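*Asks:* Here is a sequence together with a model predicted from it:
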Amino acid sequence: MKVFSYNKKISHDYSIKEKYVAGIVLFGYEVKSIKNSNVSIVDSFVSVTENEVSIVHMYIPPIMGMDKSFRYNPNRKRRLLLNKYEIRELYKASKAEGLTIVPTKIFLLKNKIKVEIAIVKGLKKYDKRDKEKRLTANKEMEYEINRRNKGKI
C-alpha cells in the first residue's frame, strides 16, 4: 500500500472515533497527478448529504504539459464511493454535535486510489497538553528502562 498524502494534524487536533475507506471519482489527469504525489488534503473536509458524500478542498494540481486553455479547478468537489450503510452512518455523524468528518490519507490499494476518512471530535487545548505530557513521560520511561537494561547484558 503506497500512501500519497497523509494529514499529520489529525492525530494532534482531534480524537478519532471511527474510520472508513472510500473510493474517489477522479479524472485521468488527476490520477496521474496523484500518482506523482502531487496532492494535499491538509485543509480539506468531507461534506455529507442524505445520499451523497464528497470531499471538498482537496488540492490536486494540474500535471505538466496540460493544455493551458483547459479550465481546471484543482480544489473542485470530488464524490466519494461508499455503500448505503456507510453513507447513513456518516450522515448521522455529520448532524451530531461536535463531530466532524475529515480525510486522513490518500493511498493506492489494488491499483485503485482510495481515501481514508475519519469521524473525529476536536480536542480542547488542555486535552492536547495532557496528551503531550503523557507521551513525554512514556518516552522518558522507555529511555530510562533501555539505559538500565544495557548495563545488564
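*Replies:* Cool, got the structure.

*Asks:* And the protein, what are its domain boundaries?
*Replies:* Annotated domains of the chain cover 2-122, 124-153 [automatic domain parsing].

*Asks:* Mean neighbour count, those: which tops it?
*Replies:* Ranked by mean neighbour count, the domains of the chain are led by domain 2-122 with a mean of 15 (mean count of other CB atoms under 10 Å). C-beta coordinates here come from the backbone N, C-alpha and C atoms, glycine included.

*Asks:* ok now it, how far from the chain's centre?
*Replies:* Distance, stretch centre to chain centre, for domain 2-122: 7 Å (CA atoms, centre = their mean, to the nearest Å).

*Asks:* Look up how far Val56 lies from the spatially most central residue of the chain.
*Replies:* Centroid-nearest residue in the chain, with CA atoms, centre = their mean: Thr104, separated by 1.2 Å. Distance of Thr104 to Val56, given as CB to CB, to the nearest Å: 15 Å.

*Asks:* Can you give the contact residues for the helix or strand of the chain with the lowest mean pLDDT?
*Replies:* In the chain, no helix or strand scores lower on mean pLDDT, DSSP states H and E than helix 9-13, which sits at a mean of 79. Helix 9-13 is contacted by residues 16, 42, 102, 104, 118, 120, 122-123, 128 when judged by CB atoms under 8 Å, 6 or more residues apart in numbering.

*Asks:* swap in stretch 95-107?
*Replies:* Under CB under 8 Å, 6+ apart, the answer for stretch 95-107 is 1-7, 10, 14, 16-17, 19, 24, 34, 39, 41, 44-46, 48, 55, 58, 90, 93-94, 113-122.

*Asks:* what's the single longest helix in this structure?
*Replies:* helix 125-152 (DSSP state H).

*Asks:* Strands of the protein, residue ranges please.
*Replies:* Assigned strands in the chain, in chain order: 2-6, 14-24, 45-48, 53-56, 78-81, 99-109, 112-122 (criterion: DSSP state E).

*Asks:* Now tabulate the ones you listed in TSV and tack on mean pLDDT.
*Replies:* Supplementary listing: the strands of the chain in TSV, determined by pLDDT from 0 to 100:
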stretch	mean pLDDT
strand 2-6	86
strand 14-24	90
strand 45-48	89
strand 53-56	92
strand 78-81	92
strand 99-109	90
strand 112-122	90
